[in-house]
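**Student:** Fold the following for me, if possible:
(one chain, ligands or ions: 3)
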Amino acid sequence: MQNPILIGFMGSGKTTVGRALSKALNQPFKDLDQVIEATLKQSIPSYFEANGEAAFRQVEKELLAQHLSTENVLATGGGTACQIANQELLLKSQRPVVWLKASDATTIHNLSGEDWQKRPILADKSAQDVTNLKASREHFYRKTADVIIQVDQKTPEAIAEEIIQRIS
Ligand SMILES: Nc1ncnc2c1ncn2[C@@H]1O[C@H](COP(=O)(O)OP(=O)(O)O)[C@@H](O)[C@H]1O
Ligand SMILES: O=C(O)C1=C[C@@H](OP(=O)(O)O)[C@@H](O)[C@H](O)C1
Ligand SMILES: [Mg+2]
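**Tutor:** Numbers count the residues shown, from 1 in each chain. Ligands and ions are numbered 1, 2, ... in the order given. The predicted structure follows:
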């Protein structure tokens, strides 16, 4: 079995579930946002502020391409699967692509407080704006995913177990 790649909207739990999944599988874990920050030696919010979203997407694409061929469990960022070039890379990757699908209420709950501040895309956005953005991105996730996992009211460990069952 190839190690899975997690996609989905911000706050669906890709980073958190990715960690639990890597533990359960006893496989190394990479979070694409953390790879980006380590490469840029800068946080994502400060890189966005200085260089804008287009520059971020370019770096994200290059690092996704590099990390698709490694054997890690990989958590992407919420916008990764929404770029056509990335979608093609993911579809070609032969790795199980798992969409963590959260309700609007879970998404807003998970993004409340500090998590909102850490995501530059959410700056100045209302909860309704976030719900609209989420709806506008769902077709990208649907097109890219091999497996869809509903995450509401489940622990990261239970979600990880469900992923393993579905891809085994
Ligand atoms: N299944 C879950 N149960 C409880 N809290 C969760 C769950 N998944 C994520 N969270 C919380 O929601 C927030 C966002 O999770 P994160 O893993 O960063 O999401 P993503 O990487 O998809 O944006 C974090 O504070 C995390 O602790
Ligand atoms: O949805 C997006 O456009 C983004 C999601 C973030 O990742 P998470 O989904 O892990 O928050 C991060 O890549 C960046 O802030 C942009
Ligand atoms: Mg994340």
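**Student:** how far away is Glu162 from ligand 1?
**Tutor:** Using CB to the nearest ligand atom, to the nearest Å, Glu162 is found at 11 Å from ligand 1. Every C-beta, even on glycine, is put in place using the N, C-alpha and C of the backbone.
**Student:** Leaving out the residues flanking it, which one is nearest to that residue?
**Tutor:** Ile149 (5.7 Å; CB to CB, 6 or more residues apart in numbering).
**Student:** in a strand, that's where that neighbour is, yeah?
**Tutor:** Yes. Counting by DSSP: H, G, I helix; E, B strand; the rest coil, Ile149 falls inside a strand.
**Student:** what pairs with it across the strands?
**Tutor:** Leu100 (DSSP bridges).
**Student:** What number of residues are in the vicinity of it?
**Tutor:** Neighbours of Ile149 under the rule other CB atoms under 10 Å: 21.
**Student:** Go ahead and confirm it touches Ala102.
**Tutor:** No. Assessed by CB atoms under 8 Å, Ile149 is found out of contact with Ala102, at 9.8 Å.
**Student:** hang on, the earlier thing: what's near enough to touch the residue nearest to Glu162?
**Tutor:** The contact partners of Ile149, taken as CB atoms under 8 Å, 6 or more residues apart in numbering, are Val98, Trp99, Leu100, Lys101, Ile159, Glu162, Ile163, Arg166.
**Student:** The third one: neighbouring residues, count only.
**Tutor:** If I follow you right, that is Leu100. Neighbours around Leu100, by other CB under 10 Å: 25.
**Student:** Check the gap between it and Ala65 for me.
**Tutor:** 22 Å (CB to CB, to the nearest Å).
**Student:** And for the fifth one?
**Tutor:** According to CB to CB, Ile159 and Ala65 sit 27 Å apart.
**Student:** okay, these two: which has more neighbours?
**Tutor:** Neighbour tally, Ile159 and Ala65, criterion other CB under 10 Å: the higher count belongs to Ile159, 22 against 13.
**Student:** Could you look up the SS state of the more buried one?
**Tutor:** Under three-state DSSP, Ile159 falls in the helix class.
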